[in-house]
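dropping a prediction and its sequence here:
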Amino acid sequence: MNAFLSNLIPLIIAAVAAMIWLGLNALVWVYCERKFAGHIQRRPGPFEVGPHGVLQPLIDGLKLMGKQLLTPDNADAVLYWLAPLLSMLPVLLLFLPIPYGPVLIGMDVNLALLLILAFSSFNGLAVILAGWASNNKWGVLGAARAVSQTVAYEIPLLLTVLTVSFMTGSLSLLDITHMQDGHIGNWFIWKQPLAFIIFIIAMFGETNRAPFDLAEAESELTAGFHTEYSSMGFGLFFMAEYGYMVVMCSVCSVLFLGGFNGPFPGIEGWWWMLIKTYALLTLMVWARWTFPRVRFDQLLNINWKWLLPLATANLLATALIMKL
Amino acid sequence: MGKFKENVIQPLIDCWSLIVGLKITGKYFCKPLVTVHYPRQVIDDENLETYGGHVELIGKPKDPATPKCISCMMCVTNCPSKCLTVVKSKPPKLTAEEEAAMKAAEEAGEKVSKPKAPKNPAKFLYDYSLCSLCGTCIENCPAKSLKFSNNIYWVATSRKEMKIDLLARLKEQATELSAPVPKTEAVSAAAEKEA
């Protein structure tokens, strides 16, 4: 009983911390994204609420919470309200095995990568439930598109992750980070440049970010699978999207950029992890406001004709070299 | 070989174009903002010169209160949104004396010409709520009597207020021009801010 409790309490603390961390990240990144977008288009972005609009995301959150929760007529209410929760809750779990420091880790599991990949695909289920239960044809169409996208981009993502775990012989993110200890030359980005690029592209597709934001497609499908969601129903999807972004960027910085290791020995720490993650997040925002949205057939072509063969070839080459 | 180029080389070139795109937006990210925080700041007059606001009349160079307009109705016929109304002036009414004199002259066999209507319009109405600012009226005006104004601050709460008499506006502008200091709305807004 005592051992059980001593395991449970840190886990609860970690879960609460993950919740706070997710909320904080969503809040800050909504603001940062709008500011970045503004500056790319040479306008100020949010400006009115608080100094330089810093309170804008908070006020937006309050507005979302204050709105009425609507269930469409003849919709399957249980599934309808399960979908945003199902989209949101796994994200909290995803933060647990990410190592922010040698000790600063929610839960060091041996199968961390597997856990992250498995639970991040819950998003696909949430999306199809949301679209199906909405009793709305645009919702169903949007869900079908979103699912065919997330399922497709999951495969090259998995294959690139596999290359790294081939090299380290481990699925634990902490082990993978420790394999890259030392100076910048040990980071896997130099050993697996192709995998890094494929991971970045698949990351965009997996998190439904522009230029691959066809799940949303507000101009073609009137917002796709979350057409019918109001207030916090939509808010949860929105927060989940930012949560997935942060998780994917963290995983990318652990796998390829050395995690909490600094570029030179002796200066590692959680701030390096944050710097790398936020640099990747900035890249995502930058790309969103630079590239136009791709067409759906182009999206699937990029995945099946380019990413998948390249990732497979990369994996086979890695396996061959590791064996030799 | 052509297929290889199409299927392998071209995508690589296309990938490079993505980086070029990022470079362009990155450059813009670093440039200063151009948006004006409207109620607190206003655009300076220099930048307003290129602004194409609602349509207005141009006065004659010697008599700025009367428009160059010759009431040819070209603007009205060409306007796709039907937002202009021009009423031609009628010939001046003759007094009884003049009429009698004319009759007498006609009977005497002289060639008499009735006084013609003045060319400048009696009414020139404009409905800004309909106007799409296409500039067709300006292009088609043979007398070059129409132009885009640079009045950026016209706001109204009803459709009625969006209908204005351009002749009256021209008269107002003419008197303003003759005043020593031309007081534009931008200047007054800036003065208000200072106060």
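Looks like it arrived, so ask away.

mind listing the strands for chain A?
Assigned by DSSP state E, the strands in chain A number zero.

enumerate the residues of the stretch 151-300 of chain A near chain B.
A:286-287, A:289-291 (Cβ under 8 Å from any Cβ of the partner chain). Backbone N, C-alpha and C define where each C-beta goes, glycine included.

identify all contacting residues around stretch A:149-162.
For stretch A:149-162, the surrounding residues in contact (Cβ atoms under 8 Å, 6 or more residues apart in numbering or on different chains) are A:113, A:117, A:121, A:123-124, A:127, A:192, A:195-196, A:198-199, A:201-203, A:205-206, A:208, A:212, A:214-215, A:251, A:255, A:299-300, A:303-304, A:307-308, A:310-312, A:314-315.

from these, which would you call buried?
Buried subset of the contacts of stretch A:149-162 (neighbour count, 16 or more other Cβ atoms under 10 Å in any protein chain shown): A:113, A:117, A:121, A:123-124, A:127, A:192, A:195-196, A:198-199, A:201-203, A:205-206, A:208, A:212, A:214-215, A:251, A:255, A:299-300, A:303, A:307-308, A:310-311, A:314-315.

for the longest helix along chain A, packing partners?
In chain A, with assignment by DSSP state H, the single longest helix is helix A:2-40. Packing partners of helix A:2-40 (3 or more Cβ pairs under 8 Å, 6 or more residues apart in numbering or on different chains; DSSP states H and E): helix A:56-66, helix A:77-95, helix A:231-256, helix A:270-288, helix B:10-30.

the inter-axis angle of the third one versus helix A:56-66?
For helix A:231-256 and helix A:56-66, the angle between their directions (axes from the mean of the first three to the mean of the last three Cα atoms, to 10 degrees) works out to 130 degrees.

tell me the mean pLDDT for helix A:231-256?
Here helix A:231-256 scores 88 as its mean pLDDT.

which parts of that helix are buried?
Residues of helix A:231-256 classed as buried by neighbour count (16+ other Cβ under 10 Å): A:232-256.

kindly report the same for the last one.
When neighbours are counted by 16+ other Cβ under 10 Å, the buried residues of helix B:10-30 are found to be B:22, B:25, B:29.

about what we covered before: turn the helices and strands packed on helix A:2-40 into JSON lines, including distance to A:L174.
Output for those, formatted as JSON lines (distance: least, Cβ to Cβ, whole Å):
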{"stretch": "helix A:56-66", "distance to A:L174": "32"}
{"stretch": "helix A:77-95", "distance to A:L174": "14"}
{"stretch": "helix A:231-256", "distance to A:L174": "9"}
{"stretch": "helix A:270-288", "distance to A:L174": "12"}
{"stretch": "helix B:10-30", "distance to A:L174": "33"}
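
which one of those helices lies closest to B:A65?
Among these, helix B:10-30 comes nearest to B:A65, with 46.6 Å by Cβ to Cβ.

and that closest one, what other elements does it pack with?
Taking 3+ Cβ pairs under 8 Å, 6+ apart as contact, the helices and strands that helix B:10-30 lies on are helix A:2-40, helix A:270-288.

run the chain-centre distance for that helix.
Computed by Cα atoms, centre = their mean, to the nearest Å, the chain-centroid distance of helix B:10-30 equals 40 Å.

briefly note if the following helix or strand past that helix comes near chain A.
Later in the chain than helix B:10-30, the nearest helix or strand by DSSP states H and E is helix B:45-48. No: using Cβ under 8 Å from any Cβ, we find that helix B:45-48 stays clear of chain A, coming within 14.8 Å at best.

what strands flank whichever helix or strand comes after helix B:45-48, and is each parallel or antiparallel?
The helix or strand immediately downstream of helix B:45-48 is strand B:55-57, counting by DSSP H and E. Sheet pairing for strand B:55-57, assigned by DSSP bridges, gives strand B:146-148 (antiparallel).

any idea of the mean pLDDT in the partner strand?
Strand B:146-148 shows a mean pLDDT of 91.

what parts of chain B come near chain A?
B:11, B:18, B:21-22, B:24-26, B:28-29, B:31-35, B:37.

if we go to 7 Å?
Residues of chain B lying close to chain A (Cβ under 7 Å from any Cβ of the partner chain) are B:18, B:21-22, B:25, B:28-29, B:31, B:33-35, B:37.

give me every residue that touches the residue lying closest to A:G66 once chain neighbours are set aside.
Closest residue to A:G66 apart from its sequence neighbours, by Cβ to Cβ, 6 or more residues apart in numbering or on different chains: A:S231 at 7.7 Å. Contact analysis of A:S231 by Cβ atoms under 7 Å, 6 or more residues apart in numbering or on different chains lists A:64-65, A:67-69.

columns pLDDT, distance to chain B and neighbour count on top of these, output as CSV?
Shown next, in CSV, are the contacts of A:S231 (pLDDT from 0 to 100; distance: Cβ to the nearest Cβ, whole Å; neighbours: other Cβ atoms under 10 Å in any protein chain shown):
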residue, pLDDT, distance to chain B, neighbour count
A:L64, 87, 26, 17
A:M65, 88, 29, 10
A:K67, 88, 28, 13
A:Q68, 86, 30, 6
A:L69, 84, 35, 10
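
got CSV for the residues you listed, with distance to B:E176 too?
Below are those laid out as CSV (distance: Cβ to Cβ, whole Å):
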residue, distance to B:E176
A:L64, 50
A:M65, 53
A:K67, 50
A:Q68, 53
A:L69, 57
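
what stretches of the chain score poorly on pLDDT?
All of this refers to chain A. Chain A contains residues with pLDDT under 70 at A:1, A:217-221.

wrong one, chain B
Short version for chain B, where the test is pLDDT under 70: B:1, B:177-195.

do a quick rundown of the helices in it.
Using DSSP H, the helices of chain B run over B:2-4, B:10-30, B:45-48, B:74-78, B:96-107, B:136-140, B:166-178, B:185-194.

contacts for the fifth one next, please.
In other words, helix B:96-107. By Cβ under 7 Å, 6+ apart, helix B:96-107 touches B:V112.

how about 10 Å then?
Counting by Cβ atoms under 10 Å, 6 or more residues apart in numbering or on different chains, the neighbours of helix B:96-107 from elsewhere in the structure are B:92-95, B:110-115.

from these, pick the one nearest A:M88.
B:P92 (80.9 Å).

name the nearest residue to the closest one, sequence neighbours excluded.
Nearest to B:P92 is B:P115, by Cβ to Cβ, 6+ apart, at 5.8 Å.

quick check: phi and psi at that neighbour.
phi -60, psi 130 (degrees, to the nearest 10).

the closest residue in space to B:I138 that isn't next to it in sequence bridge partners, please.
Spatial nearest neighbour of B:I138, excluding adjacent residues (Cβ to Cβ, 6+ apart): B:L146 at 4.7 Å. Under DSSP bridges, the beta-bridge partners of B:L146 are B:L57.
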